Structure formats: C-alpha cells, structure tokens
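> how would this look folded up:
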Amino acid sequence: MRILVLNSGSSSIKYKLFDMTDRSVLASGLVERIGEATGSLAHQARDGRGEMMETRKTGRVADHREGMQLIVEALSASRTGEEGAGLAGIGHRVVHGGEDFTEPTLIDEKVLGVIRRNVPLAPLHNPPNLIGIEVALEAAPHLPQVAVFDTAFHQSIPPKAFHYALPHELYAQQRVRRYGFHGTSHQYVARRAAAFLERPPESLNLITLHLGNGASAAAVEQGRCVDTSMGMTPLEGLIMGTRCGDIDPAVHFYLLRETGRSPEELDALLNKESGLKGICGTNDMREVLEKADAGDERARLAIDMYCYRVKKYIGAYAAVLGRVDALVFTAGIGERAAPIREGCCRGLPGLGILLDPQKNRAGSRPPFEVQATASAVKILVIPTDEELQIAEQTFELIRNRKETRDG
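As a prediction, this is how the structure comes out:
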C-alpha cells in the first residue's frame, strides 16, 4: 500500500511517496516558486535497481494546480504513482486545526469548512494548505485524503497551561490561547524514543526539543503532551532562526511609539528579522558556530542566548513533569549541532542531566545516546520525520476505516 504525503506552502509543494509495507520512500520532490516568473520541479524516484534518480524541470508554474499536475506527471513517468501502483490515499500537512481537531481526520466538505474557519489563526499557512487539499481532491477524487494537523498533538495540554491571563471573553470569542506547533515532529520523536528505550510510551516522561530554523520544546507525560513552548502563534518560546521567541509584550508598544513602524512592519521584524539573524546577522546555525569560532562576539552571544533559553525550558518542563526519563534532541540543529546540545545541557546535573562530551562530539548513526554513565536522564538524538509520521497516521486511519466498513 502506498501513501502520498503533500505539504503545500504559499509558493511551494513538497511531497513524498511511501511504500507502507516497509516505510520506504519511493519518490519525493519539491515544486517551488509557484506564481513567479520561473518555477521548478525537483523530483527523485527509485529506479529498477533501487537507487534514487533525480530529474529537474524549470519553467513558469502559474498556480498550485499546475504544480500538482507536474507532481502527478513526475510520479507517473517514474512509475510510482499510477493507478495500478496501489496508491491508497493522500495525507496532507495542515498547520492549524484550532480546538477542532485532536487527531488525523478524513477530509470531507465539513472538515474543509472548519479548516477555512481556522484561517484567521494561521493566515500565512492554512490558505496554501487548503489550496493543496482542494487541488488534490480535484486530481484524485476517488482516493481517501487525510488532514494531519501540527496542532493536534498539543490538544491534550490542560487548561492551566493553554490559557493566557487575559479577559476570558478573548478566549471564548477570539479563541486566544496556546495552541503549539511542530506537534507532528514532537509526537514522532516521542514515539521513536519509547521504541529506542524499549519501553511503552505510557511509562515515559520526555522533554522533546525540536531545534531547527523554527524551534520548540514539549513536555510529554506518559505519551501525552502537557505543555509546549510555542503559543497562539509560532512566535512564542525558544529563540529561533528569525523569530524572537519569548519577549516582554510591552516591547511591541514601545517600538510602535518610538520607531514609527506599522503593526505589519513590527510583525515582520519579530518573525523575520529577529532571533539568531537579529542578534548576529545570520539565521544559519552552522554559520553562527563558524563565526563564533572565529572570534565573533555577537555570534557567541547568539549561541549563549540560544542555549540559555533552551535550558530555561528544560528546567521548567522538568518541574512540570516531576520526573524526566529522557531529553530528546531533534531537527536540523538538534540532530547535527553537537556544540548546541552541549550548551543546552551544561550545568544541569542537579536535574539528573549529564552529557558526555566525547559521545556527543563523536556522534553515531542516529538515533543515539549522548548522556554520561552517571546521568539519571537519558539524552537522545533522534531524527525527525514529519512526512513519515503523516504517512503512518494516514495509513492507519484509512486501514481502520476499511476494516470497519468491511467488517
């Protein structure tokens, strides 16, 4: 059985095709610069020998419908997506499900309507997600299609953690609350951590750290998320590549008064010009580390601030959970930046967290452990795979639906 996963952005569509018998990737690709003068398709697919072969096309891609048509043609040409290949369904990443969705959901008109209703909560993300779904439904109306929401895993957070200390009517009427994001990634690595430790997820308390250009932390108690660092939007929480993370709310009003910026300009400043980029001029952690090694003081400050913020959340979530069995690093920085892992864990033996610098620097084929022998808490490095998580959840929902219908 094969599952196609689509991630439709404002000007791009990423996709992966999985063979669910062994979870292998049969094909993947990216259509980008949709609507611009020159767009492109990069497509990789397995050949008869099992090796990935890449093809590229350039030319104007007028809209997402043309982009989807390119994907269908590429999959058909590589004999991985045609009717006879056993394509069972399509899974879609949707950023915001509000309070309406707590699990993967089979898409119908009612579900589409609710996703549209949640557009004000994610105006940059839900509209292109919707376009991708609508185009896919047109292209393959016979196939079951499933929405997997970034916010769903965090819907188990209790009211004391998701409410803000604001007038209650803002929650009741405008739906102002903590939602959290990266839920698909946090759920995936929490499940992988349990498998790696050979323990049931329900027996583990985890702190998961998704550290990429976007970054978030989650407290996972017995398999359920009980708190997360991102809030109503992805701006809250950890320092990120271009996002400021936690900040005094009054800074917004001060900057509006003192700089003359418009609300839209301030929004762009906090989301696109802050974080690592705002501190030292680049949002690429590899460049930040290189600059710090060369003696750049602002790059060193950026690293110190980044790790300090992560440590604060580790401490906070250790208090929330009461007992921590494992600390999990994932995403680009979490998986590959050993100095950042070391900085985040430095000075935490009082929490039972003691990293082994030699194991950390040596690395291994992930997943792997980097804690010292005396550490009471496991420290794991586990690659995230949001597309595989979406494929597995889509596959499970479609299979259960078929068994229910046939049984």
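
> contacts, neighbours, all on C-alpha from now
Noted.

> figure out the helix or strand that Pro141 lives in.
Take DSSP states H and E as the rule and Pro141 turns out to sit in neither a helix nor a strand.

> give me the phi and psi for it.
Main-chain torsions, Pro141, degrees, to the nearest 10: phi -70, psi -20.

> cool, the one 5 residues further on as well?
Recorded main-chain torsions at Val146 are phi -130, psi 140, according to degrees, to the nearest 10.

> with Val189 instead?
Dihedral angles for Val189 - degrees, to the nearest 10 - are phi -70, psi -30.

> so it makes contact with Leu380?
No - with contact defined as CA atoms under 8 Å, Val189 does not reach Leu380; the gap is 9.9 Å.

> overlap in contacts, these two.
Contact criterion CA atoms under 8 Å, 6 or more residues apart in numbering; residues shared by Val189 and Leu380: Val328.

> higher neighbour count, these two?
A direct count of neighbours by other CA atoms under 10 Å for Val189 and Leu380 places Val189 higher, at 29 against 25.

> for the more buried one, list the residues it contacts.
Per CA under 8 Å, 6+ apart, neighbours of Val189: Thr208, Val328, Thr330, Ile382, Pro383, Thr384.

> which one of those residues is nearest to Glu287?
Using CA to CA, Thr330 comes nearest to Glu287 of those, at 19.1 Å.

> tell me the pLDDT of that closest one.
In the predicted model, Thr330 carries a pLDDT score of 97.

> measure it to Val189 for me?
7 Å (CA to CA, to the nearest Å).

> got it, and Gly231?
20 Å.

> who are the contact partners of the closest residue to Leu348 other than its chain neighbours?
Using CA to CA, 6 or more residues apart in numbering and skipping residues adjacent in sequence, the residue nearest Leu348 is Leu354, 6.6 Å away. Counting by CA under 8 Å, 6+ apart, Leu354 makes contact with Cys345, Arg346, Leu348, Gln371, Ala372, Ala374, Ser375, Ala376, Val377.

> count the neighbours of the first one for me.
It stands for Cys345. 22.

> cool, and the fifth one?
Around Ala372 there are 18 other residues, counting by other CA under 10 Å.

> give me the pLDDT value at Gly84.
On the pLDDT scale, Gly84 gets 39.

> tell me which element Pro339 is part of?
helix 338-345.

> immediately after that helix, which helix or strand?
helix 357-362.

> and for that following helix, what are the contacting residues?
Ala338, Pro339, Arg341, Glu342, Glu369, Val370, Gln371.

> how about stretch 289-307?
Leu238, Ile239, Met240, Leu276, Ile279, Cys280, Val288, Ile340, Gly343, Cys344.

> the nearest residue to Val288 once chain neighbours are set aside and Gly39: what is the separation?
What sits nearest to Val288 in space, not counting adjacent residues and going by CA to CA, 6+ apart, is Ala299, at 5.4 Å. Look at Ala299 and Gly39: by CA to CA, they are 35 Å apart.

> cool, and Val324?
On the measure of CA to CA, Val324 and Gly39 end up 47 Å apart.

> who's more crowded, those two?
Taking other CA under 10 Å, Val324 and Gly39 do not tie; Val324 has more neighbours (24 against 19).

> give me the element the more buried one is part of.
Using DSSP H and E, no helix or strand contains Val324.

> which ones are touching it?
Leu204, Asn205, Leu206, Ile207, Ala318, Val377.

> kindly recompute the last result at 6 Å.
For Val324, the contacting residues are Asn205, Leu206, by CA atoms under 6 Å, 6 or more residues apart in numbering.
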